[in-house]
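# Pasting a predicted model and its sequence here:
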Amino acid sequence: MRFFLIDRVEEICYEKYITAIKCITLSDDVFEHHFPRYPVFPGSLLIEGLAQLSGMFLELIMKKNKLPPKLSFLSIVNKMKFRKPVLAGDRVLMRADIVSLREDYGVVKVIADIDDEICAEGELTFAFLNLEDEKLHQSRMEFYEICMKNAREVS
């Protein structure tokens, strides 16, 4: 099963940051067992959502700079802290800021907050792998286009 953990990109400032929204709903499959009568969104899925946003951001930067397509592959989760639980009904604002961007890897600082209160923060490192499968590249770009439909581009 594939999880899409980004509902919509809100804002992008290429080379600096990206923000997105994830609305947590009680109908999310994870709540059946995590946990009955106290639905808490798993921290691992919060990391996955932040990684999806960050990986998308890095790949969009490469596309904007007309670099060959590469796959952003999460390689290190560093300094991740969970400050408060994410519950059904929460609207999570996710943000990724570029810390370092090189030809073969990128590092981003990530923050997730609910109503201006940080619920998770940390640092993610991505390795870049050559993406020679054109269908996979096209599929990723189509998904990014959907997420970016109403995003504000800031300079």
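Happy to help now that I have it.
# any idea how far the spatially most central residue of the chain lies from residue 32?
Centroid check for the chain by CA atoms, centre = their mean gives residue 53 as the closest residue, at 2.1 Å. Note on residue 53: its distance to residue 32, by CB to CB, to the nearest Å, is 25 Å. Glycine gets a C-beta too; all of them are placed from N, C-alpha and C.
# Which of the three states applies to the residue of the chain most remote from its centre?
Distance from the C-alpha centroid of the chain peaks at residue 37, with 27.9 Å (CA atoms, centre = their mean). Three-state call for residue 37 (DSSP: H, G, I helix; E, B strand; the rest coil): coil.
# same question for whichever helix in the chain runs longest, mean pLDDT?
In the chain, ranked by residue count with DSSP state H as the criterion, the top helix is helix 43-64. For helix 43-64, mean pLDDT is 96.
# got it, and stretch 5-24?
Rounded mean pLDDT across stretch 5-24 is 96.
# Kindly report the same for stretch 67-87.
For stretch 67-87, mean pLDDT is 95.
# Send me it as PDB with only the CA atoms.
What follows is stretch 67-87, C-alpha atoms only, in PDB (Å, rounded to 0.1, in the frame of the first residue of the first chain):
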ATOM      1  CA  LEU A  67      19.400  19.000 -14.100                       C
ATOM      2  CA  PRO A  68      19.000  15.300 -15.100                       C
ATOM      3  CA  PRO A  69      16.200  13.700 -13.100                       C
ATOM      4  CA  LYS A  70      17.200  12.000  -9.900                       C
ATOM      5  CA  LEU A  71      15.300  10.200  -7.200                       C
ATOM      6  CA  SER A  72      15.600  11.600  -3.700                       C
ATOM      7  CA  PHE A  73      16.200   8.700  -1.400                       C
ATOM      8  CA  LEU A  74      15.900   9.200   2.400                       C
ATOM      9  CA  SER A  75      19.100   8.000   3.900                       C
ATOM     10  CA  ILE A  76      19.400   9.600   7.400                       C
ATOM     11  CA  VAL A  77      16.800  10.700  10.000                       C
ATOM     12  CA  ASN A  78      18.700  12.900  12.400                       C
ATOM     13  CA  LYS A  79      17.700  14.800  15.600                       C
ATOM     14  CA  MET A  80      14.000  13.900  15.200                       C
ATOM     15  CA  LYS A  81      11.900  15.000  18.200                       C
ATOM     16  CA  PHE A  82       8.200  14.600  18.700                       C
ATOM     17  CA  ARG A  83       6.800  17.400  20.900                       C
ATOM     18  CA  LYS A  84       3.100  16.500  21.000                       C
ATOM     19  CA  PRO A  85       0.800  13.800  19.500                       C
ATOM     20  CA  VAL A  86      -0.900  14.300  16.200                       C
ATOM     21  CA  LEU A  87      -4.600  13.400  16.600                       C
END
